[in-house]
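Asks: coordinates only, sequence not included:
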Ligand SMILES: Nc1ncnc2c1ncn2[C@@H]1O[C@H](COP(=O)(O)OP(=O)(O)OP(=O)(O)O)[C@@H](O)[C@H]1O
Ligand SMILES: O=C(O)c1ccc[n+]([C@@H]2O[C@H](COP(=O)([O-])O)[C@@H](O)[C@H]2O)c1
């Protein structure tokens with residue numbers, strides 16, 4: 001885990017996986033490694049968020065979530081960051097604008113699970129996000145089809161890379177997106193929190 005801003009070299013292809021990570025789990029590790037391979041990324045930065053603007057319930061303290069994330073994710077090509085807290089951003093549109101202005105020489109790709117693609121059209125300035133960064137969507141159990149037919153996917157359909165072409169994503173000018181099928185993991189932070197709450201009662 002890095003207290004300051006992560007380092008990046010010119011031309012690097014870096015995936016950004018934003019999330020509450022409340023807590024981080026093997027599903028996050030799995031999609032990160034799949035995304036790195038399939039989108040040919042040099043690095044992935046986990047952006048452990050101060051809080052999802054669409055979720056009513058506040059997450060566990062940021063320091064605790066960062067500590068668990070660093071424990072769960074041991075790949076040296078993955079950085080666990082608190083960039084949003086550092087930049088003072090909560091909305092992804094602002095976070096992306098912030099990192100792109102800090103690292104103008106990096107090719108960023110926004111990463112998200114298929115469940116997030118389904119609600120993407122409810123995100124603040126989602127069309128602007130899609131116009132500013134390529135987006136890599138990773139299959140999640142039960143969400144692959146809903147993601148494919150989501151409002152955002154239909155709106156962005158002509159910018160979708162055909163299957164097998166996802167390795168080009170980081171080099172594409174946005175809007176560009178790809179949905180990859182991967183061996184799926186049904187891990188979720190909700191299930192872990194529910195198990196912990198059950199164990200306490
Ligand atoms: N098992 C998984 N398969 C695919 N994508 C996942 C998986 N778990 C998390 N993600 C994705 O990782 C990102 C961060 O997820 P998040 O931290 O919200 O975890 P979560 O398990 O979805 O949490 P919660 O259950 O609290 O919503 C999101 O884009 C989410 O779609
Ligand atoms: O910017 C928005 O309006 C917005 C709305 C919902 C979610 N997000 C981002 O999506 C990422 C995944 O969120 P979560 O809580 O599902 O892990 C995380 O980086 C959030 O900040 C962003």
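Replies: Done, it's in. As the structure is a prediction and not an experimental result, all values here were calculated from the model. Ligands and ions are numbered 1, 2, ... in the order given.

Asks: Next to ligand 1, which bits of this structure? Give me the list.
Replies: 17, 19-22, 27-28, 31, 112-113, 115-116, 138, 140, 185, 187-190 (Cβ under 6 Å from any ligand atom). For glycine as for every other residue, the C-beta is placed from the backbone atoms N, C-alpha and C.

Asks: redo that, cut-off 8 Å
Replies: Neighbours of ligand 1 within the chain, by Cβ under 8 Å from any ligand atom: 17-22, 24-25, 27-28, 30-31, 52, 55, 111-116, 138-141, 143, 184-193.

Asks: Among those residues, which ones lie close to ligand 2?
Replies: Near ligand 2, by the rule Cβ under 8 Å from any ligand atom, you find 17-22, 52, 55, 112-113, 115-116, 189 out of these.

Asks: what is the residue of the chain found nearest ligand 1 paired to in the beta sheet?
Replies: In the chain, no residue comes nearer to ligand 1 than residue 113, which is 2.1 Å away by Cβ to the nearest ligand atom. Assessed by DSSP bridges, residue 113 has beta-bridge partners residue 138.

Asks: ok, it touching residue 140?
Replies: Yes: applying Cβ atoms under 8 Å, one finds residue 113 in contact with residue 140, separated by 4.4 Å.
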